[in-house]
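Student: sequence? don't have it. structure:
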């Protein structure tokens, strides 16, 4: 089972970037797991710019399935006084599969400090949390992650998922890469209302990075997704993520297509 660091190490240099082979262990249905693809795009973006400040924001468009041999490329769009914008693309033989825009920005002085991101009530710490198990779990989750339920099972459906998530192989990864690799691990927030057999597909993922040096809690990241609106096959959900000492490390939104 190749960990993510091994996938990076086995990359093939190309004229425009690098080529990778998506391992079956990182697949989600007929495509690569979204966090895997996003982490590849970030790694390519970080290679394309010199003296980059910390990552502060990411916009990821998941356009088409990515499987087999894929190629990554990146270019600096703008280098401003405080921030650098880099676009990264993943393509397959069928065309563009993912486009990501990353903003890297150095810290600037601010008069305002605000933190209104509260930890979920009733949180169960990893040592006491019940492991997640499902025979229908995608291969990327079974092969690469440990997952545990972070909230009590109250026996009713809801538009929320909240897990502890930890990579099995996590040595040698950049903290931002590890965070994004884990950040898409939750199923859609309304999965308990739909059932596990309804096909779904992520379309856009927006990530706002809150901690410029994110670190997990003994490898564990806390993830919570909450469904905000569903209609006509489209789900809008909010996602929050916490790391060491329950520090918020990112927030964001995801747009998901529901086919059922």
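Tutor: Great, that's in hand. Small disclaimer: the values here were computed from a predicted structure and weren't measured. Residues are numbered from 1 along each chain as shown.
Student: And the strands in the stretch 101-250 of the chain, which stretches?
Tutor: All strands of the stretch 101-250 of the chain, identified by DSSP state E, counting those that start in this stretch, fall at 130-131, 145-149, 160-167, 200-209, 220-231, 234-242, 248-258.
Student: The nearest residue to residue 94 once chain neighbours are set aside in helix, strand or coil?
Tutor: In this structure, residue 94 finds its nearest non-sequential neighbour in residue 64, 6.5 Å apart by Cβ to Cβ, 6 or more residues apart in numbering. From N, CA and C alone the C-beta is placed, and that goes for glycine too. Secondary structure, DSSP: H, G, I helix; E, B strand; the rest coil: residue 64 is coil.
Student: And residue 144, how far from residue 55?
Tutor: Counting by Cβ to Cβ, to the nearest Å, the separation of residue 144 from residue 55 is 22 Å.
Student: typo on my end, residue 120
Tutor: Separation of residue 120 from residue 55 (Cβ to Cβ): 25 Å.
Student: So the two - more neighbours on which side?
Tutor: Neighbour count, other Cβ atoms under 10 Å: between residue 120 and residue 55, residue 55 has more, with 25 against 15.
Student: Quick check on the more buried one: phi, psi?
Tutor: For residue 55, the backbone dihedrals (degrees, to the nearest 10) come out as phi -70, psi 130.
Student: Pairing partners for it in the sheet, please.
Tutor: Beta-bridge pairing for residue 55 (DSSP bridges): residue 104.
Student: Adding distance to residue 8 and mean neighbour count, write the strands of the stretch 101-250 of the chain out as JSON lines.
Tutor: Formatted as JSON lines, the strands of the stretch 101-250 of the chain follow (distance: least, Cβ to Cβ, whole Å; neighbours: other Cβ atoms under 10 Å):
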{"stretch": "strand 130-131", "distance to residue 8": "28", "mean neighbour count": "10"}
{"stretch": "strand 145-149", "distance to residue 8": "18", "mean neighbour count": "18"}
{"stretch": "strand 160-167", "distance to residue 8": "14", "mean neighbour count": "22"}
{"stretch": "strand 200-209", "distance to residue 8": "20", "mean neighbour count": "19"}
{"stretch": "strand 220-231", "distance to residue 8": "20", "mean neighbour count": "19"}
{"stretch": "strand 234-242", "distance to residue 8": "22", "mean neighbour count": "20"}
{"stretch": "strand 248-258", "distance to residue 8": "21", "mean neighbour count": "20"}
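Student: So which of those is nearest residue 69?
Tutor: strand 200-209 (21.7 Å; Cβ to Cβ).
Student: any idea of the mean pLDDT for the closest one?
Tutor: For strand 200-209, the mean per-residue pLDDT is 95.
Student: now swap in stretch 97-104 and tell me
Tutor: 98.
Student: Other residues contacting it?
Tutor: 31, 37-38, 41-42, 45, 49, 52-66, 70, 77, 83-91 (Cβ atoms under 8 Å, 6 or more residues apart in numbering).
Student: Report the buried members of the residues you listed.
Tutor: For the contacts of stretch 97-104, a neighbour count by 16 or more other Cβ atoms under 10 Å gives the buried set as 31, 37-38, 41-42, 45, 49, 52, 55-58, 60-63, 65-66, 70, 84-91.
Student: so how far is residue 202 from residue 67?
Tutor: For residue 67, the distance to residue 202 (Cβ to Cβ) stands at 15 Å.
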